[in-house]
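K.L.:
Would you be able to build a 3D model of this:
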Amino acid sequence: MTPAEIWILIGLFGVTIPLVALARRADIPYPVVLVLGGLILGFVPGLPSVQLDPNLVLLAFLPPLLYWEAVTAPTDVMRANAGQIWTLAIGLVVVTTVTVALVAHASIANLAWPMAFVLGAIVAPTDELAASPVLERLKMPRHLIAIVEGESLLNDASALILYAAALGVALGGAFSWSSSLVQFGLASVGGIVLGLLTGRLAVEGWRRIDDTQLQGVISFALPYLTYLTALRLNLSGVLAVVFAGTYVNRFTPQVITPASRLQAVGYWETLVFLVNSILFLLVGLQLHSVVASVAIEYPLQTIVWYALLVNLTVIATRFAYILLLELVPVLGRAAEHQEIDWSHAIIEAWSGLRGAVSLAAALAIPVTMTSGAPLAHRHLVIFLAFSVILVTLVGGGLTLPLVVKRLGGEGDTREQDEDRRRGVAAMHQAALAAIERLEGAGRISGEHAQALRRYYKRGARGQYSAEARAEFDAEREVIEAERDALTELRERREIDNTTLRRLQRILDLAEERLPPAR
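P.N.:
Prediction:
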């Protein structure tokens, strides 16, 4: 990276601060403000041109973001809705790719089928980097959030495989249904297996190394190691990273120390925010040069018409697919006297925001074919992809909160509240039992035991007294009993992963306030 590029990066960080502050003051999702801010900055004369290397997005940004989304996602609820998630992650991607290709080929003069399918594959996947910041502000039911996040985590893989196949044909290669299907299956299954293997390696590393910094290094290296290995083996890097994250998610409560968890949460949350901010800002900045390039080849009225057709196709396909999917089990619902939840289906359809993966895939289209001839319609396909990102991200980001409020999806926290109550009750019961055991063994004084009981009975921890180190060790055992109780509840699926992480953080903070163990 050159000094000029470093200065540009620092400048983008500086611009992010007032834009995000403005978004939070106006109660607008910050990705929307960043994209619009980048769009305005792109037209300011004298500013240096920002060229975004798509490999930087796919190799540097995507692995850690996918990993953190997988680690923090409500994976247990996602498993309960796995059928619908996979139907969206594969079925909807294929349907969107085909419908966009059909419309684009029919409406755009001389657009070859391969490039039409390239466009369809680019705009097919929703993006977790775009959807998550918006969804986090909305108190939607857990299963709905799990479906939207699970879809966005997994559909990148199917879309990128379709994109690679279509692009290969567009560049002059041959297409074979049988080889494409075999490649899709091998890349998907191989990516999942690789992710589970690298996740297992990380768990064993954490189990044997309790150094806080080294555990953090393992956490940082895992997504990159998994993604790069997958690319080396021609497997799905997206699925590999996602399944590595979901695998280690099951074991981190037992193998990562409280100090490492506290450090890792702060690090990952800051990293995800910074990378999200830069990516969304760059989307707006890139649009200026994209429009300038395509305007040389097509009249403005023509490209606006093409963009309108493609965006309507993308949006209509998603709504039709999800609403029809809601009707598929209608006979089963009728037998169980259950009603179709149209409001949640509409919110789910409205959440189809596009972002960084579509951006990187569009910019990665080569300029020339393998024969050396210019690749026709490259600029137009990139512009249309950017238009879909802009429309779905800005339009969806601004209107989704209004749709949720109108349909009554916001404010439903009964599931989360019940999980929290169940988790707190289990923690307190385990703590009281541990206190009885420790007092009976003479490891803590009666006065200290009574003080701890008062806390657990009233639900708030008091001040720790300056007792002997042995008594602090006993308190640490009490906290460990609470942590084990939480993990057991999660394993029995009586609380979800999100509730476990929130309550576990309370325990980690409490343990960190104690003197170091002997």
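
K.L.:
Where does A106 sit: helix, strand or coil?
P.N.:
helix (DSSP: H, G, I helix; E, B strand; the rest coil).

K.L.:
next one: the one 5 residues further on
P.N.:
Secondary structure, three-state DSSP: L111 is coil.

K.L.:
wait, what's in contact with it?
P.N.:
Neighbouring residues of L111 by CB atoms under 8 Å, 6 or more residues apart in numbering: A104, H105, H377, L380. No exception for glycine: its C-beta is placed from N, CA and C like everyone else's.

K.L.:
you'd agree A121 is up against V98?
P.N.:
No: if you go by CB atoms under 8 Å, A121 and V98 don't touch, sitting 9.9 Å apart.

K.L.:
More neighbours: which of these two?
P.N.:
Between A121 and V98, A121 has the larger neighbour count (other CB atoms under 10 Å), namely 29 against 17.

K.L.:
Over to that one: give its phi and psi.
P.N.:
The phi and psi values for A121, taken as degrees, to the nearest 10, are phi -70, psi -30.

K.L.:
Can you identify the element that follows the helix or strand hosting A164 toward the C-terminus?
P.N.:
Taking DSSP states H and E as the definition, A164 sits inside helix 142-170. For helix 142-170, the following helix or strand on the C-terminal side (DSSP H and E) is helix 177-208.

K.L.:
what's the neighbour count on L162?
P.N.:
Residues near L162, counting by other CB under 10 Å, number 24.

K.L.:
Touching, it and I122? I think so.
P.N.:
No: contact criterion CB under 8 Å: L162 and I122 do not qualify, at 9.5 Å.

K.L.:
so what's A434 closest to, chain neighbours aside?
P.N.:
In space, A434 comes closest to A481 once its chain neighbours are excluded; the distance is 4.1 Å by CB to CB, 6 or more residues apart in numbering.

K.L.:
how deep is the one you found tucked in, by neighbour count?
P.N.:
By the criterion of other CB under 10 Å, A481 has 20 neighbours.

K.L.:
pretty sure it is in a helix, no?
P.N.:
Yes: under three-state DSSP, A481 falls within a helix.

K.L.:
which residues does it contact?
P.N.:
A430, A431, A433, A434.

K.L.:
Which strand or helix spans the closest residue to E439 other than its chain neighbours?
P.N.:
For E439, ignoring the flanking residues on the chain, the nearest one in space by CB to CB, 6+ apart is A449 at 4.1 Å. Taking DSSP H and E as the definition, A449 sits inside helix 446-458.

K.L.:
what is the rounded mean pLDDT of that helix?
P.N.:
Averaging pLDDT along helix 446-458 yields 74.

K.L.:
element containing V242?
P.N.:
Judged by DSSP H and E, V242 forms part of helix 237-249.

K.L.:
any idea of the angle that helix forms with helix 177-208?
P.N.:
Angle, helix 237-249 to helix 177-208, by axes from the mean of the first three to the mean of the last three CA atoms, to 10 degrees: 30 degrees.

K.L.:
Does anything pack onto helix 237-249? Which helices or strands?
P.N.:
Under the contact criterion of 3 or more CB pairs under 8 Å, 6 or more residues apart in numbering; DSSP states H and E, helix 237-249 touches helix 62-72, helix 142-170, helix 177-208, helix 212-232.

K.L.:
Out of those, flag the one nearest G395.
P.N.:
Ranking those by proximity to G395 (CB to CB) places helix 142-170 first, at 16.6 Å.

K.L.:
And that closest one, how far out from the chain middle?
P.N.:
Distance, stretch centre to chain centre, for helix 142-170: 12 Å (CA atoms, centre = their mean, to the nearest Å).

K.L.:
got any ranges where the stretch 101-250 of the chain has weak pLDDT?
P.N.:
Scanning the stretch 101-250 of the chain for pLDDT under 70 picks out 129-139.

K.L.:
all helices of the stretch 401-518 of the chain, in order?
P.N.:
Ranges of helices within the stretch 401-518 of the chain are 414-440, 446-458, 469-491, 497-512, based on DSSP state H, counting those that start in this stretch.

K.L.:
Next, format the ones you listed as TSV and append distance to G397.
P.N.:
TSV is the format used below for these (distance: least, CB to CB, whole Å):
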stretch	distance to G397
helix 414-440	23
helix 446-458	43
helix 469-491	32
helix 497-512	23
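
K.L.:
of all these, which lies closest to Y67?
P.N.:
Using CB to CB as the measure, helix 497-512 is the one of the helices of the stretch 401-518 of the chain that comes nearest Y67, at 15.0 Å.

K.L.:
between that closest one and helix 469-491, how many degrees?
P.N.:
180 degrees.

K.L.:
Next, the buried residues of helix 497-512.
P.N.:
For helix 497-512, burial by neighbour count (16 or more other CB atoms under 10 Å) applies to N497, T498, T499, L500, R501, L503, Q504, L507, D508, A510, E511.
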